[in-house]
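Asks: Dropping the sequence and predicted coords here.
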Amino acid sequence: MAETEYVVQQSDLREFITNCMTQVGACPEHADTLAQNLLAADYRGHYSHGLNRLGMYMADIEQNMVETKGEPKILKQTVSTGLVDGNNLQGPVVGKFCMELAIQKAKETGIGWVTARHSNHFGIAGWYSMMALEHNLIGMAYCNTSPCMVPTRARKKVLGTNPISVAAPANNDDNFVLDMATTAVALGKVEIKHVMGQPIPPTWGVDNEGQVTTDPKAVFLEDGGLLPLGGTEETGGYKGYGLGMMVEVFCGILSGANFGSKIRHWSSHSEISNLGQCFVALDPSVFAPGFTDRMSDLMDHCRNLQPAEGSAGPVKVAGDPEREHVKKCDELGGIPYPAQQLAAADGLAKKCGVEPLKRLKAL
């Protein structure tokens, strides 16, 4: 029997997250920025990085691992580049500042490339790349993260999920939005499987001996790790490993932040994260004219391909599954959550003394 789901209005979710964060010490503006990021994740169907992550952000403040006031600082810049000190603020606060700076530079010179250090977990990368779409720009966002990827042929975690996001505008408000981990899946998806008591596919992770496992506990709690995008060496996992290293070049190495195994475990509150991040905005108009026409042509061509026999549905491009989830939420009047996840949110509310998250209706 399927678990009951409840619909939560976006305005209620934003208020709830903001209240929880301010109650533990975040300034209202920073709390609201985080709330927008987490809301966007769940609205687009990335439940591993939305409300599911609220407790982690609260704990970072409660354990004095992040600063609750202040702003990021530009350490050095040229007309097209910038190096930012995040001053150990919430990741979404740093990321928003950097992406806005990159967009400003792209409008002036055609490209803005900004890296940040002394940042923290910044939620879904797509929230930043999509900021560029509002200005008819191409956006990119990258972040290094706590070690959870076991490199090809290794036993020990070295790299993070190191996400990549690229957003490109097309015609009629259509767009290409790639938002993915360079591991087989985001760690949050393994966490959700563990909470739900369900096995993981054999392509997701390995145990502490580097052997493929279907036990989420072995990956999430027992010093196993995620496989790179592509899986094992036989199925091309070394390519995901290479992409994860590329993200480190853009983020940790270029900015002077922590990198690889130097980054603390994501759930540890014994030292600051000092994550590295990278944000790029690019004006397609400085290249060949007709970018959005060609973008639409390519995307529509792929969507109109004949599906292979036995496939789950039509051919899609990056961003289509999220658009479908957004449409579903709009039709429901809010975001659907399983009762178990909302119960966990209620526990956070009780702990910090705020009102429980309102439910609009049951499904």
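Replies: Thanks, I have the structure now. None of the values given here were measured: they were computed from a predicted structure.

Asks: Quick one: the strands in this protein, in order.
Replies: 5-8, 73-77, 81-85, 111-119, 138-143, 164-169, 175-180, 205-206, 212-213, 225-226, 275-282, 335-338, 361-362 (DSSP state E).

Asks: State the mean pLDDT of the fourth one.
Replies: Averaged over strand 111-119, pLDDT sits at 98.

Asks: Which strands and helices lie in contact with that strand?
Replies: Counting contacts by 3 or more Cβ pairs under 8 Å, 6 or more residues apart in numbering; DSSP states H and E, strand 111-119 is packed against strand 81-85, helix 91-109, helix 254-255, strand 275-282. Any C-beta I mention is one placed from the backbone N, CA and C, and that applies to glycine too.

Asks: who does the shortest one touch, helix- and strand-wise?
Replies: Okay, so that is helix 254-255. Here helix 254-255 is seen to pack against strand 111-119, strand 275-282 when contacts are counted using 3+ Cβ pairs under 8 Å, 6+ apart.

Asks: contacting residues around it?
Replies: 83, 115, 116, 117, 276, 277, 278 (Cβ atoms under 8 Å, 6 or more residues apart in numbering).

Asks: how about a markdown table for the residues you listed, with neighbour count and distance to residue 45 added?
Replies: Compiled in a markdown table, the contacts of helix 254-255 are given as follows (neighbours: other Cβ atoms under 10 Å; distance: Cβ to Cβ, whole Å):
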| residue | neighbour count | distance to residue 45 |
| --- | --- | --- |
| 83 | 19 | 34 |
| 115 | 26 | 29 |
| 116 | 31 | 27 |
| 117 | 23 | 31 |
| 276 | 29 | 27 |
| 277 | 31 | 23 |
| 278 | 25 | 25 |
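
Asks: Going by distance to residue 300, which of these wins?
Replies: Taking Cβ to Cβ as the measure, residue 300 sits nearest to residue 278 out of the contacts of helix 254-255, at 30.5 Å.

Asks: so who does the closest one touch?
Replies: Applying Cβ under 8 Å, 6+ apart, one finds that residue 278 lies in contact with 113-116, 140-143, 247, 250-251, 254-255.

Asks: Residue 324: which of those is nearest?
Replies: After measuring the contacts of residue 278 against residue 324 - Cβ to Cβ - the closest member comes out as residue 141, at 22.3 Å.

Asks: how much space between that closest one and residue 85?
Replies: 18 Å (Cβ to Cβ, to the nearest Å).

Asks: With residue 318 instead?
Replies: As judged by Cβ to Cβ, residue 318 and residue 85 stand 32 Å apart.

Asks: follow-up on the earlier one: mind giving me CSV with the helices and strands packed on helix 254-255 and columns for distance to residue 207?
Replies: CSV is the format used below for those (distance: least, Cβ to Cβ, whole Å):
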stretch, distance to residue 207
strand 111-119, 31
strand 275-282, 27
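
Asks: Go through these and name the closest to residue 41.
Replies: Closest approach to residue 41 among the helices and strands packed on helix 254-255 is made by strand 275-282 (16.6 Å; Cβ to Cβ).

Asks: quick check, distance from that closest one to the centre of its chain.
Replies: 13 Å (Cα atoms, centre = their mean, to the nearest Å).

Asks: any idea of the mean pLDDT in that strand?
Replies: Regarding strand 275-282, the rounded mean pLDDT is 98.

Asks: same thing with stretch 51-62?
Replies: Stretch 51-62 comes out at a mean pLDDT of 94.

Asks: Pull out the buried positions in that stretch.
Replies: Buried positions in stretch 51-62, judged by neighbour count with 16 or more other Cβ atoms under 10 Å: 51, 52, 53, 54, 55, 57, 58, 60, 61.

Asks: which other residues reach that stretch?
Replies: Outside of stretch 51-62, the residues that reach it under the criterion Cβ under 8 Å, 6+ apart are 13, 17, 20-21, 24-26, 34, 38, 41-42, 65-66, 68, 90, 120-121, 123, 188, 191-192, 266-267, 269, 337, 341, 344-345, 348, 352.

Asks: quick one, which of the helices and strands packed on helix 254-255 is nearest to residue 227?
Replies: strand 275-282 (22.1 Å).

Asks: Would you mark the buried spots in the helix or strand of the chain with the lowest mean pLDDT?
Replies: Across the helices and strands of the chain, the lowest-confidence element by mean pLDDT, DSSP states H and E is helix 187-196, at a mean of 84. By neighbour count with 16+ other Cβ under 10 Å, helix 187-196 contains the buried residues 187, 188, 189, 190, 191, 192, 193, 194.

Asks: what's the answer for stretch 124-139, then?
Replies: Along stretch 124-139, these residues count as buried under the neighbour rule (16+ other Cβ under 10 Å): 124-133, 137-139.

Asks: can you pull the contacts of the residue nearest to residue 176 when sequence neighbours are not counted?
Replies: Spatial nearest neighbour of residue 176, chain neighbours left out: residue 168 (4.5 Å); criterion: Cβ to Cβ, 6 or more residues apart in numbering. Residue 168 makes contact with 133, 138, 175, 176, 177, 284, 295, according to Cβ under 8 Å, 6+ apart.

Asks: let's see it at 10 Å
Replies: Listed by Cβ atoms under 10 Å, 6 or more residues apart in numbering, the contact partners of residue 168 are 129, 132-133, 137-140, 175-178, 282, 284, 291-292, 295, 298-299, 318-319.
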